[in-house]
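1. I need the structure of the sequence given here:
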Amino acid sequence: MSEDNTYGVSEIVGSSKTSIDEAIRTAIGKASENRRHIRWFEVTQVRGHVEDGQVAHFQVTLKLGYTLED
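-> The predicted model follows:
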């Protein structure tokens, strides 16, 4: 039996001094603290901050899809 769902979409930005992967995981972890039923994410932008010729921070913009409750 198929279940019909309605989804909401939020946009968030995560950052990390270490990696893009950590920026994604940190952002999703934080969003999960107050957004229930997150089902998927999409990376829409990757950018960073440079200091003294070195990467200082990675920034990742994500769209999060979540199931809306009845």
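
2. dump the residue contacts of Glu11.
-> Contact analysis of Glu11 by C-beta atoms under 8 Å, 6 or more residues apart in numbering lists 44, 61-64. C-beta coordinates here come from the backbone N, C-alpha and C atoms, glycine included.

3. beta partners of it?
-> Per DSSP bridges, residues listed as beta-bridge partners of Glu11: Lys63.

4. and it, what's its pLDDT?
-> As summarised for this prediction, Glu11 has a pLDDT of 96.

5. same question, Tyr7
-> Model confidence at Tyr7, expressed as pLDDT, equals 88.

6. picking up where we left off before, just the buried ones from the contacts of Glu11?
-> Applying a neighbour-count criterion of 16 or more other C-beta atoms under 10 Å, the buried members of these are 61-62, 64.

7. quick check, nearest of those to Asp21?
-> The shortest approach to Asp21 among the buried ones among the contacts of Glu11 belongs to Leu62, at 12.3 Å (C-beta to C-beta).

8. any idea how far the closest residue to that closest one other than its chain neighbours lies from Ala27?
-> In this structure, Leu62 finds its nearest non-sequential neighbour in Phe41, 5.0 Å apart by C-beta to C-beta, 6 or more residues apart in numbering. Phe41 sits at a distance of 8 Å from Ala27 (criterion: C-beta to C-beta, to the nearest Å).

9. and what of Tyr66?
-> When distances are taken as C-beta to C-beta, Tyr66 and Ala27 turn out to be 14 Å apart.

10. more neighbours: which of the two?
-> Neighbours around Tyr66 and Ala27, counted as other C-beta atoms under 10 Å, are more numerous at Ala27. The numbers are 21 against 18.

11. any idea which element that one lies in?
-> Element membership for Ala27, per DSSP states H and E: helix 20-32.

12. what comes up buried for that helix?
-> Neighbour counts using 16+ other C-beta under 10 Å place 23-24, 27-28, 31 of helix 20-32 among the buried residues.

13. just give me the residue closest to the centre of the protein.
-> When the chain is reduced to its mean C-alpha position, the nearest residue by C-alpha atoms, centre = their mean turns out to be Leu62, at 3.9 Å.
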